[in-house]
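*Asks:* Show me how the following folds:
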Amino acid sequence: MKRPALIVPIMALLASTTPVAAAPAPGLVADPLASPMWDNHAAWLLGKAPVRFDPAVIVTMPDVTENQHVFPVTVDARALGKVQRIVVLMDLNPLPVAIDYQPQGALPYVSLRIKLDQRTPVRALVLTADGVWHVGGRWIDAAGGGCSAPPVSRVKGDWAQHLGEMRGKLWHEAADTRLRVSVRHPMDTGYVDNIAAYNIESMQVRGADGAALGTMTINGSVSEDPAFTLLLPPTQAGPVSIHMADSNGRTFDGRLTP
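*Replies:* Take a look at the predicted model:
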């Protein structure tokens, strides 16, 4: 079974209650969260690009993980101006990258729901036009098993009947246009016995003129029935088209008007 390009096999590590900072690898900035996996992830995701741990990257999450299968995360990087990529990373997850989002014509903002397999830092890595990665996030406690338990639709057995059903809304709020879209999909991680990896892999959002508003690579650590909220420029009146593709080659399309 084909896996998304950003996923590499990484064994989940048990997080210490009191992390101890390690010396960073050459060229990397010391991690303020003292994660045992940060240097590793930074090396394969960011290469030798400069990194700045930046409070301008606002990552909003609940203080308590009520459900490790559906954990909401919002990333707001509008204070950085023009942004090229937003990567949501869970250091100690077996599937550490949730999304890699390019807000081409959209604003640098995204909200989604992820799976947490254990206590881990949850971060946003934001690339600006000057080639600098700006990083924000914090540790989150989780009971575990978010990536290794079957989705609800698998337990009910009705996932195939609803596969690809898309819902969404496009509306104006304050000075922005807000888009929310969800799709029915099991988002199987491959870590459940006898259930192969199967997930939405990509999403493209385009305006009425066909111009790209946002392109997203999506991995199995995004929650079942993925839902995303994006912010579009206030001039974006709609309609907006949405195209998704999964790892079995199926495609799903939708169109939203305000």
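
*Asks:* use CA for all of it now, contacts and neighbours both
*Replies:* Fine.

*Asks:* so where's the chain shaky on pLDDT?
*Replies:* Residues of the chain meeting the criterion pLDDT under 70: 1-29, 145-157.

*Asks:* go again using 50 as the cut-off
*Replies:* Applying pLDDT under 50 to the chain flags residues 1-27.

*Asks:* how about the helices in it?
*Replies:* If DSSP state H is used as the criterion, the helices of the chain fall at 38-46, 152-156, 159-162.

*Asks:* Comparing the ones you listed, which comes out most buried?
*Replies:* Comparing the helices of the chain by mean neighbour count (mean count of other CA atoms under 10 Å), helix 38-46 ranks first with a mean of 17.

*Asks:* sorry, back to before: turn the helices of the chain into JSON lines, columns for distance to Thr128.
*Replies:* Output for the helices of the chain, formatted as JSON lines (distance: least, CA to CA, whole Å):
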{"stretch": "helix 38-46", "distance to Thr128": "12"}
{"stretch": "helix 152-156", "distance to Thr128": "38"}
{"stretch": "helix 159-162", "distance to Thr128": "38"}
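
*Asks:* Go through those helices and name the closest to Ala197.
*Replies:* helix 152-156 (12.8 Å; CA to CA).

*Asks:* re earlier: relative to Asp31, which of the helices of the chain is closest?
*Replies:* When these are compared by CA to CA, helix 38-46 sits nearest Asp31, at 6.9 Å.

*Asks:* Need the CA coordinates for that closest one. CSV is fine.
*Replies:* Extracted C-alpha coordinates of helix 38-46, given in CSV (Å, rounded to 0.1, in the frame of the first residue of the first chain):
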residue,chain,number,x,y,z
TRP,A,38,12.9,17.4,17.4
ASP,A,39,16.4,17.3,15.9
ASN,A,40,15.4,14.2,13.9
HIS,A,41,12.3,15.8,12.5
ALA,A,42,13.9,19.1,11.9
ALA,A,43,16.7,17.4,9.9
TRP,A,44,14.4,15.6,7.5
LEU,A,45,11.6,18.2,7.2
LEU,A,46,13.5,21.5,7.3
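
*Asks:* which helices and strands sit right next to it?
*Replies:* Packed against helix 38-46 by the contact rule (3 or more CA pairs under 8 Å, 6 or more residues apart in numbering; DSSP states H and E) you find no helix or strand.

*Asks:* so who does Asp141 touch?
*Replies:* With CA atoms under 8 Å, 6 or more residues apart in numbering as the criterion, the residues that contact Asp141 are Val64, Thr65, Gln118, Arg119, Thr120.

*Asks:* most surrounded residue in the residues you listed?
*Replies:* Thr120 (26 neighbours; other CA atoms under 10 Å).

*Asks:* quick one: that residue and Met90 touch, right?
*Replies:* Yes - shown here, Thr120 and Met90 form a contact pair, counting by CA atoms under 8 Å, at 6.3 Å.

*Asks:* coming back round to it: quick one: closest of the helices of the chain to Ala196.
*Replies:* Proximity to Ala196 (CA to CA) singles out helix 152-156 among the helices of the chain, at 12.0 Å.

*Asks:* And the helices of the chain: which comes nearest Asp188?
*Replies:* Using CA to CA, the nearest of the helices of the chain to Asp188 is helix 152-156, at 9.3 Å.

*Asks:* before we move on, back to that, which one of the contacts of Asp141 is nearest Gly249?
*Replies:* Checking these one by one against Gly249 (CA to CA), the nearest turns out to be Gln118, at 30.7 Å.

*Asks:* what about that closest one, distance to Ser221?
*Replies:* Separation of Gln118 from Ser221 (CA to CA, to the nearest Å) stands at 12 Å.

*Asks:* Check Ala143 too.
*Replies:* 16 Å.

*Asks:* Asp193: how many residues sit nearby?
*Replies:* 9.
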